[in-house]
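> just coords:
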């Protein structure tokens, strides 16, 4: 079959852009202003055209550990931060920065006692004392809910979690390893993360790529088939850029995630034991939106939907399913017309 001339022209233009300009994706970040900084915490206010800041109640974007904060600002056209600012929402982002070997002693408590509470209070203050809407991805959603459950004094108006798993037994990827882990008394990974001071960024990147192994293997062929599709090529470039910027897990935090979340599956019962300190999700009172990805293998629907039954005191719990894998449900090309619209509607319903 003859390739239509228009497709050939588009393909040639895209190849030229990749060769001469390094790619076709617009990776420029949304303009931002640093408003607060501390250990593992940089808080930014996103700005619109001409440096203007939208009015209204603030939205704070909360990333997970290990993944870079650019998950919320992947590329122009596929940036939730850009979408929120363009929609007139006063948008903020907390960035944890790089995690070094010196941070190996930091546990989950550091993020739920220090990083997120300070970020939330600063955002509220910067927005004139208004309460804050949290929009979080993956582990960021877990940390946001634990923070809200433990700190009822924080000015939190609503919480949105995207692809945040709460039942780790419902994750097929980890099921084959459970017998081996239990046979070793749970110490299969302990010597490694203690020796390395955590999970190094290069290892995190490789594991994340491995979860989409089929796509990684077929990616070269997919690129050749879609050389004329600039949006397709731009998304692949942006995801590769994201993967190349993975961050390490601190050793103690990784140990807690491994033993409490993965092995003991604490979260599936609605609470977590952090060294004798038990935090229960029953303490969450803010309206909560829970979004799962249809094709997510890291946080499958059943693992995410478990949260719906764990928030008995939340003013509202809303559950939605949107197309996409773990990253795609947050910032894939289809997220613009699905996930982001769910977020828009939920925020509009809870303006306070």
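Sure, I can see it. Quick caveat: nothing in here was measured; it's all calculated off a predicted structure. Numbering: from 1, shown residues only.

> Tell me where the model's unsure across the chain.
Across the chain, the ranges flagged by pLDDT under 70 are 1-3, 6, 8-22, 173-220, 222-223, 352.

> Who are the contact partners of residue 5?
Shown in contact with residue 5 (C-beta atoms under 8 Å, 6 or more residues apart in numbering): no residues. Backbone N, C-alpha and C define where each C-beta goes, glycine included.

> ok, it to residue 224 distance?
As defined by C-beta to C-beta, to the nearest Å, residue 5 lies at a distance of 18 Å from residue 224.

> Next: residue 83.
Relative to residue 224, and taking C-beta to C-beta, residue 83 is found at 31 Å.

> Show me where the stretch 51-200 of the chain has its strands.
58-62, 90-95, 132-137, 156-162, 198-199 (DSSP state E, counting those that start in this stretch).

> Nearest to the spatial middle of this protein, which residue is it?
The chain has residue 137 as the residue nearest its centroid, 2.9 Å off, counting by C-alpha atoms, centre = their mean.

> which residues does that one bridge with?
With DSSP bridges as the criterion, the beta-bridge partners of residue 137 are residue 162.

> thought it was touching residue 62?
Yes - the pair residue 137 / residue 62 is scored as a contact, 7.5 Å apart, by C-beta atoms under 8 Å.

> Might you report the residue contacts of the residue nearest to the centre of the chain?
62-64, 67, 71-72, 161-164, 330.

> for these, which one is nearest residue 312?
Each of those was scored against residue 312 by C-beta to C-beta, and residue 161 proved nearest at 16.6 Å.

> and the gap between the closest one and residue 36?
Residue 161 is 23 Å from residue 36, by C-beta to C-beta.

> can you check residue 24 too?
Distance of residue 24 to residue 36, given as C-beta to C-beta: 35 Å.

> who has more neighbours, these two?
The residue with more neighbours, out of residue 24 and residue 36, is residue 24; 22 against 18, by other C-beta atoms under 10 Å.

> Return the backbone torsion pair for that one.
Dihedral angles phi and psi of residue 24 (degrees, to the nearest 10) take the values phi -110, psi -10.

> neighbours around residue 57, how many?
Residue 57: 19 surrounding residues under other C-beta under 10 Å.

> Over to residue 351?
Residue 351: 12 surrounding residues under other C-beta under 10 Å.

> and what of residue 276?
When counting by other C-beta under 10 Å, one arrives at 5 neighbours for residue 276.

> Let the chain start at 5 from now.
Let's use 5 as the start, then, which means that last one is residue 280.

> and it, how far is that from residue 147?
Computed as C-beta to C-beta, the residue 280 to residue 147 distance reads 19 Å.

> who's in contact with residue 261?
112, 143, 253.

> Can you list the buried residues in stretch 89-101?
89, 93-100 (16 or more other C-beta atoms under 10 Å).

> Any chance of those in JSON lines with distance to residue 122 as columns?
JSON lines is the format used below for these (distance: C-beta to C-beta, whole Å):
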{"residue": "89", "distance to residue 122": "23"}
{"residue": "93", "distance to residue 122": "22"}
{"residue": "94", "distance to residue 122": "18"}
{"residue": "95", "distance to residue 122": "18"}
{"residue": "96", "distance to residue 122": "13"}
{"residue": "97", "distance to residue 122": "14"}
{"residue": "98", "distance to residue 122": "9"}
{"residue": "99", "distance to residue 122": "13"}
{"residue": "100", "distance to residue 122": "12"}
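
> Most widely separated two among these?
Longest span within these, C-beta to C-beta: 93 and 100, 22.4 Å.

> just how off-centre is stretch 270-279 within its chain?
Between the centre of stretch 270-279 and the centre of its chain there are 21 Å (C-alpha atoms, centre = their mean, to the nearest Å).

> Please report which of the contacts of residue 261 has the highest neighbour count.
Greatest neighbour count in those, by other C-beta under 10 Å, goes to residue 253: 28 neighbours.

> Test my guess that it contacts residue 100.
No - at 10.9 Å, residue 253 does not count as touching residue 100 under the criterion of C-beta under 8 Å.

> Find the residues that touch each one of those two.
Both residue 253 and residue 100 are contacted by residue 69, under the criterion C-beta under 8 Å, 6+ apart.

> which of residue 87 and residue 228 has more neighbours?
Taking neighbours as other C-beta under 10 Å, residue 87 and residue 228 compare with residue 87 leading, 22 against 9.

> My read is that the more buried one contacts residue 341, right?
No - look at residue 87 against residue 341 with C-beta under 8 Å: they stay out of range, at 11.0 Å.

> Let's see the distance spanning stretch 68-83 from one end to the other.
The first and last residues of stretch 68-83 sit 16 Å apart, counting by C-alpha to C-alpha, to the nearest Å.

> buried stuff in it?
68-79, 82-83.

> Switch the residues you listed over to a markdown table; also include distance to residue 276.
As requested, the buried residues of stretch 68-83 are exported to a markdown table (distance: C-beta to C-beta, whole Å):
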| residue | distance to residue 276 |
| --- | --- |
| 68 | 16 |
| 69 | 15 |
| 70 | 18 |
| 71 | 21 |
| 72 | 25 |
| 73 | 24 |
| 74 | 28 |
| 75 | 23 |
| 76 | 25 |
| 77 | 30 |
| 78 | 30 |
| 79 | 35 |
| 82 | 33 |
| 83 | 32 |
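
> Out of these, list just those in helices.
Among the buried residues of stretch 68-83, none falls in helices (DSSP state H).

> ok, now which ones touch residue 307?
Residue 307 touches 169-172, 174-175, counting by C-beta under 8 Å, 6+ apart.
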